[in-house]
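Participant: just coords:
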């Protein structure tokens, strides 16, 4: 994943690069000035300010995250995809938890939606450098372990979803390690 910064100012906190730091929903990714940018789960990227009266799939994923974080009781929602007073109060609670101004409004750039937890693999800026909107601040991967391989047509006929496999990890030079795995998907062309 590429995480794109949407805020202007100066980075006051960035994750450590190359350390494999894992972040989950509700955790702070970085800060621009006094504004924490938080990771939330979702497939739709943040594209607008979110506040009371807004509706849509982006609001629905925000509500789902606020419920998962224990900040919102789903029974208090008027609609799953509406930003009402319950969502506003939950956003205030999240902002308070992060040490941000508790306005109940989520301006563009204050949250990043990604499909799930991430493992940080590269960070571009350093604390104190200028934050420029629409620039990639960090690269991350899923925390799920995956391996892919290409098979010939004859090899493809010999495998099925659910088959156990052995994966050889080449760690450079004579260093190799094997780990068990299971075939979860087979794609054909």
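Facilitator: That came in fine, so what should we check first? On a predicted model such as this, the values are computed, not experimentally measured, just so you know.
Participant: so what's the most centrally placed residue in the chain closest to, chain neighbours aside?
Facilitator: With distances taken as CA atoms, centre = their mean, residue 114 lies nearest the centre of the chain, 3.2 Å away. Residue nearest to residue 114 in three dimensions, not counting chain neighbours: residue 1, with 5.5 Å by CB to CB, 6 or more residues apart in numbering. Every C-beta, even on glycine, is put in place using the N, C-alpha and C of the backbone.
Participant: okay, now the one you found: neighbour count?
Facilitator: By other CB atoms under 10 Å, the residues close to residue 1 number 17.
Participant: three-state assignment of the residue of the chain most remote from its centre?
Facilitator: Distance from the centre of the chain peaks at residue 154, with 38.3 Å (CA atoms, centre = their mean). With DSSP: H, G, I helix; E, B strand; the rest coil as the basis, residue 154 sits in helix.
Participant: Quick check, pLDDT for it.
Facilitator: Note on residue 154: pLDDT of 86.
Participant: In terms of secondary structure, what does the helix ranked longest in the chain contact?
Facilitator: For the chain, the helix with the greatest residue count under DSSP state H is helix 85-98. Judged by 3 or more CB pairs under 8 Å, 6 or more residues apart in numbering; DSSP states H and E, helix 85-98 is in contact with strand 35-41, helix 57-68.
Participant: so what secondary structure elements neighbour the first one?
Facilitator: Just to be clear, that refers to strand 35-41. Using 3+ CB pairs under 8 Å, 6+ apart: strand 35-41 touches strand 28-32, helix 57-68, helix 85-98, strand 111-114.
Participant: Tell me which of the helices and strands packed on helix 85-98 lies nearest to residue 174.
Facilitator: Closest of these to residue 174 is strand 35-41, at 38.9 Å (criterion: CB to CB).
Participant: The residue nearest to residue 114 touches residue 143, doesn't it?
Facilitator: No. Residue 1 is beyond contact range of residue 143, at 11.3 Å (criterion: CB atoms under 8 Å).
Participant: Which residues are in contact with each of the two?
Facilitator: residue 118 (CB atoms under 8 Å, 6 or more residues apart in numbering).
Participant: just for this protein, where's the confidence low?
Facilitator: The chain contains residues with pLDDT under 70 at 17-19, 170-173, 189.
Participant: Identify all contacting residues around the longest helix of the chain.
Facilitator: So helix 85-98 is contacted by 26, 28, 36, 38, 50-52, 59, 62-63, 66, 69, 71-73, 76-78, 101-106 (CB under 8 Å, 6+ apart).
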